[in-house]
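> next come a sequence and a model predicted from it.
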Amino acid sequence: MVYVRYQHSGKMCEGALLDSDTIEEFEPGSGINGSPMGRAIPLADVRLLPPCEPSKLIIVARNYAEHAKETGSEPPSEPHLHPIPASSVIGHGEAIALPPGIGRVDHEAELVVVIGRRCRSVTEEEALGYVAGYTCGNDVSARDVQWGTPPAFARAKSIDTFSPLGPWLVTDLDPSDLLVECIVSGEVRQSGRTRDMLFPVQRLVMESSRWMTLEPGDCIYTGTPSGITPLKGGDVCEVRIEGIGSLMNPVIVG
């Protein structure tokens, strides 16, 4: 199923994507396992919202060896997990706003895992049973901040609008070998496959749940392939993931 959160006629609604241009509306507040109301809404008539409401985001650093290499770092021997606030989340079509004077800001196309059930200290074998589904994410990163005075990593990724998420949530998807791409103003900048992640989804859920309780809607940004480049005002940044779709956000300054 493809679960969609959206705004229509001034209301927040939920539903399932029936095809490329139609949403089947759910009963209000019924969530991902909602009851269809028997009403179809044209996708073109709605504003897509982030497909979940996380209490927190967990950013996984250097989960692709080639990305670690391009940043001058060694691949980690265990997952590097960095919780950040969810106030940075925006949805499909919303603008990534670069603060004036922020310096270099890079795109990072990522598969995002969305937690479906509250969990703590799960095993790797149990992990996928706590996943609601998957979506596209862009872990936008202020590099001059990130490489500054510690603790800088979280600051560089917690800026408002720096965590685009969407356009919807796909359930029953095998995350082990998906194509992940970032296209900036029509040019492919990143292209990699999730099979090249150093630590797969199961390991990331397990390790995250060792250190904190994961709540429904929480998101794990699973790391980015190589090819990061700076964004500038006027760009349009697209994260495209096989089996999910495209998350598109314009870039502005201010």
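Structure received.
> other SSEs contacting the strand or helix carrying A16?
Using DSSP states H and E, A16 maps to strand 11-19. On a contact count with 3 or more C-beta pairs under 8 Å, 6 or more residues apart in numbering; DSSP states H and E, strand 11-19 meets strand 2-8, strand 22-26, strand 36-42. Quick note: C-beta positions are derived from backbone N, CA and C, even for glycine.
> in it, what's buried?
13-17 (16 or more other C-beta atoms under 10 Å).
> adding distance to V201 and pLDDT, write these out as JSON lines.
JSON lines is the format used below for the buried residues of strand 11-19 (distance: C-beta to C-beta, whole Å; pLDDT from 0 to 100):
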{"residue": "C13", "distance to V201": "29", "pLDDT": "96"}
{"residue": "E14", "distance to V201": "24", "pLDDT": "97"}
{"residue": "G15", "distance to V201": "26", "pLDDT": "97"}
{"residue": "A16", "distance to V201": "23", "pLDDT": "97"}
{"residue": "L17", "distance to V201": "22", "pLDDT": "97"}
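> hang on, the earlier thing: with respect to L179, which of the helices and strands packed on strand 11-19 lies nearest?
strand 2-8 (17.8 Å; C-beta to C-beta).
> the residue nearest to S73 when sequence neighbours are not counted: what's it in contact with?
Take S73 and drop its neighbours on the chain: the residue closest to it by C-beta to C-beta, 6 or more residues apart in numbering is R62, 5.7 Å away. Shown in contact with R62 (C-beta atoms under 8 Å, 6 or more residues apart in numbering): 68, 71, 73, 75-76, 80, 198, 223.
> from P225, how far off is R62?
11 Å (C-beta to C-beta, to the nearest Å).
> again with G29
Here the criterion is C-beta to C-beta. By it, G29 lies 37 Å from P225.
> neighbour count: these two, which is higher?
P225 (26 against 9; other C-beta atoms under 10 Å).
> now do the helices in the stretch 1-150 of the chain.
65-70, 143-146 (DSSP state H, counting those that start in this stretch).
> weakest of those helices by average pLDDT?
Set side by side, the helices of the stretch 1-150 of the chain give their lowest mean pLDDT on helix 143-146, at a mean of 89.
> could you point out which element follows that helix?
Once the chain leaves helix 143-146, the next helix or strand it forms, by DSSP H and E, is helix 152-157.
> other residues contacting that following helix?
Contacts of helix 152-157 (C-beta under 8 Å, 6+ apart): 59, 61, 82-84, 88, 139-143, 145-146, 163.
> same question, stretch 189-200
Contacts for stretch 189-200 (C-beta under 8 Å, 6+ apart): 60, 62-66, 75-76, 78-79, 107-109, 111, 175-183, 207, 222-229.
> quick one: low-confidence residue ranges for the stretch 51-200 of the chain.
149-151 (pLDDT under 70).
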